[in-house]
Every structure is written in structure tokens, then in C-alpha cells.
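J.: Could you look at this predicted model? Sequence included:
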Amino acid sequence: MDRTRKRLPRSVREREIVEAALRVFARHGYHAAVVDEIAELAGISKPMVYLYLGSKERLFVACVQHASRTLTVAFRDAAASGDEPELRLWRGLSAFFHFVAEHRDSWVLLHRQAPELSAAITDELAAARASVLAEVGALVRRGIEEGGADARLGAVDADFVAHTLVGAADSLADWMAGHPDETPERVALRLMNMIWLGMRDVLDGELWTPPPPPAE
């Protein structure tokens, strides 16, 4: 480890530590990860890691915050463009799958950590998921309002669709890892073709209901 590295602004040094920690936590999990390896990857001493972040738990929380912020901003920026609801959704989903492909360590940290972590960590992971759900929910509500379906569909419907989309995307992130020939755009297109036609009909006021039971 090179201990002669020049002094860097605190924000830059912390980012380097967090990026190194992301790799280690994703590779080993929270409990098996050791700060010595994080320090080695960051190119600083172990005491310096503690000086900047305070503890292993706080370091993990900082990683979750960094990963969540990166994903949320990517989705929000992508979904902000496009005149039609389906284009905004398509671009948002594409940004999501690009994040999964390009920031695999961050994805593992956000969605594949063991549930028996401390309350501080589980709370931060829950906040990260809530942040993504809020962005997707806002996108769905906007589509409902612009489609004129707000008289028939409400906040519960938007929340239901948001949870459905996020749940499907979570599952497909693992599917994509097992199909390396599938690009993020292709996965987003597959998901759009599975969900958008049905969503479009609902926004237009069409609802499916099961047939009545046969008369006895």
C-alpha cells in the first residue's frame, strides 16, 4: 500500500473509501468483510478508514446511501425525458437495468444483503427501496393524470403498479445476470412488452374481471 499519496479533499477521500468498501461488502457480505481489505483497496491505512467513516457499520450505511443516490438520480433523470408516459417508463427502466449491469456491487449491496443486519443498516436499506418506489410511483401517477384516468384510478392504484414494477425489475436483475447476452435495453424492452399493453388499457379505463361462476 502506498502511504505517500498526496492529501486529497475529504469528499474525494471518502468517495474512494466508499467505492472500495462497495466492492468488499458485495464480495463478502457485511459480516465477513474486513476493514483491512477496504483500506488496502482505498490505498490508506485502517485507522484512516475509521477516522473518516467512524465504524464498519457507518461505512456500510455510507455505501448504501451512495448506491441508492446513484440509482435514484439515474432513474429520475432518464424518466424526466420523453413526451409520452411509455417513453418515460421505458427510459427509466433502461436506466435501472444499466445501473444493475454497470454497478453490480451497488446492486448486490442494496438488494442481496442478509436480513439479520443491525437496525441502522436495515433502516437504511428500507429507505433506499422506498426512494426507488417513490420515483416509480411519481412516474405512474403522472401517467395516470396525463392519461385522464385519475377519475378512475387513485393513489392506491399507482402504489400497486409501482410495487409491481419494482418487484419485477428486482427479479429480472438476477435473470439478466444469468443471461449475459441480454443488454439492459433488451431487458427493459421485454419488461415493457409484458406490462405496458396492460397498463395502457387500464389507463384507458379498461378493466379485466373474471366471468361469473356457472349457474347450478
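T.: Cool, got the structure.

J.: in stretch 36-50, what counts as buried?
T.: Neighbour-count burial for stretch 36-50 flags 37, 38, 39, 41, 42, 44, 46, 49 (criterion: 16 or more other CB atoms under 10 Å). Placement of C-beta: from N, CA and C, glycine included.

J.: Looking at those residues, spot the one nearest residue 179.
T.: Taking CB to CB as the measure, residue 41 is the one of those closest to residue 179, at 29.6 Å.

J.: quick one: average pLDDT of the host helix or strand of residue 26?
T.: Taking DSSP states H and E as the definition, residue 26 sits inside helix 10-28. Averaged over helix 10-28, pLDDT sits at 91.

J.: that older thread, need the buried residues of stretch 36-50 in JSON lines (columns: pLDDT and secondary structure).
T.: Listed next are the buried residues of stretch 36-50 as JSON lines, based on pLDDT from 0 to 100; DSSP: H, G, I helix; E, B strand; the rest coil:
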{"residue": "37", "pLDDT": "95", "secondary structure": "helix"}
{"residue": "38", "pLDDT": "95", "secondary structure": "helix"}
{"residue": "39", "pLDDT": "94", "secondary structure": "helix"}
{"residue": "41", "pLDDT": "94", "secondary structure": "helix"}
{"residue": "42", "pLDDT": "91", "secondary structure": "helix"}
{"residue": "44", "pLDDT": "90", "secondary structure": "coil"}
{"residue": "46", "pLDDT": "93", "secondary structure": "helix"}
{"residue": "49", "pLDDT": "92", "secondary structure": "helix"}
